[in-house]
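Participant: Sharing a model prediction with you, sequence too.
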Amino acid sequence: MAIASLLNFVGAFISLKVATTIAKGFVDTDAVTTTVVFAGLVGAIGWNVITWSYGLPSSSSHALIGGLVGSVVAAAGWSAVNGAGIVGTLIVPAIIAPIVAFAAAGGSILLVYRIVGRLRPGPVSRGFRLGQLASGGLLALSHGTNDAQKTMGVITLALVAHGNVSASNFQVPDWVVISSASAISLGTFTGGWRIIKTLGTRIISMDPAQGFAAQGAGAAVILAASSVGYPLSTTHVISGGIMGAGAAKRFSAVRWGVAGNIVVAWVLTLPAAAVFGALVYALATLFGNGVGGPIVITLLLLAAVATTFARRIAQAQPAPITS
């Protein structure tokens, strides 16, 4: 986990093309205010918390973009949204990327089994476990090149709205790159174990060779997309790779019911997060156009988090012993 966190951090510095796409490719920067950015972020977080609680690996990337689009629509109408950019740069790659990963992982695992099929299982498994260190590291690196960029794009968009960065001379400040890289590295280190469990065990029962194939295919797809600025969801891509690695070995090995639930979460993420973002913006503007609305919402969220933790601590306490 520590190595993956470090490679996430390093990957965030490789390219800023995805960050530029997030900041300039989907909404009119003139329609963006700091309240719009705040509402979009809260809307995305709300949807992510819901899917996380059910262990569904939905796309935090699409939630972020959906929340931002929804808040912009609530603030300035549909004319402030770049529909062609959303379709061509977001939706089409989101459909194609998991399919490519599925095919690449499936083809890879068939080739692997042909090469090592007659060798002793023990040494083969040990070899692929070592190989997974490399493929997993490459996947972590690719995750940094894509997912960290989205946060950079949104932060820079807020700086544009506040007047700290010029929209005509768009540039991601160094402190934004460092802070975003640090955040995604820390998040990887702490781990989202509900999602990891779903991807690692509930879709298929992976052997080391399948894990190697899925990780390698996912990393290749994400790195290719990052090089041209397409913001992909790592969970979409790696899920496609896992399904492909499982289906190539035996079609029935994939738990298609679980896969179907994941696909439903993918489809719902963009519109659901957009609705959440619009609702948060509407709530914030009830308190005026200044900082009052965001402050009230932030306090409510902090109260909700504190209440949740208090309940969990209370539930974790041992029951009193009665005589």
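Facilitator: Cool, got the structure.
Participant: CA atoms for contacts and neighbours, from now on please.
Facilitator: Will do.
Participant: now the helices for the protein?
Facilitator: 2-11, 17-24, 34-53, 60-76, 83-85, 92-116, 121-162, 174-190, 193-197, 208-228, 234-249, 256-285, 292-316 (DSSP state H).
Participant: Who are the contact partners of residue 61?
Facilitator: Residue 61 sits next to 147, 150, 231, 232, 233 when contact means Cα atoms under 8 Å, 6 or more residues apart in numbering.
Participant: List just the nearest of these to residue 16.
Facilitator: residue 150 (9.5 Å; Cα to Cα).
Participant: For that closest one, report the pLDDT, please.
Facilitator: With respect to pLDDT, residue 150 scores 84.
Participant: What of the one 3 residues further on?
Facilitator: The pLDDT attached to residue 153 in the predicted structure is 87.
Participant: how much space between it and residue 268?
Facilitator: Distance, residue 153 to residue 268, by Cα to Cα, to the nearest Å: 23 Å.
Participant: that older thread, I'd like the contacts of residue 61 laid out as a markdown table, including distance to residue 308.
Facilitator: Output for the contacts of residue 61, formatted as a markdown table (distance: Cα to Cα, whole Å):
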| residue | distance to residue 308 |
| --- | --- |
| 147 | 28 |
| 150 | 28 |
| 231 | 33 |
| 232 | 32 |
| 233 | 28 |
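Participant: quick one: which of these is most hemmed in?
Facilitator: Tallying neighbours with other Cα atoms under 10 Å puts residue 232 at the head of the contacts of residue 61, with 30 neighbours.
Participant: Quick one: residues contacting it.
Facilitator: 61, 90, 93, 94, 97, 146, 147, 222, 225.
Participant: let's see 7 Å
Facilitator: Neighbour list for residue 232: 94, 146, 222 [criterion: Cα atoms under 7 Å, 6 or more residues apart in numbering].
Participant: any chance of those residues in TSV, with distance to residue 2, pLDDT and neighbour count too?
Facilitator: As requested, the contacts of residue 232 are arranged in TSV below (distance: Cα to Cα, whole Å; pLDDT from 0 to 100; neighbours: other Cα atoms under 10 Å):
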residue	distance to residue 2	pLDDT	neighbour count
94	29	88	21
146	19	87	31
222	21	92	28
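Participant: where does the stretch 151-300 of the chain dip in pLDDT?
Facilitator: Along the stretch 151-300 of the chain, the parts satisfying pLDDT under 70 run over 189, 191-205.
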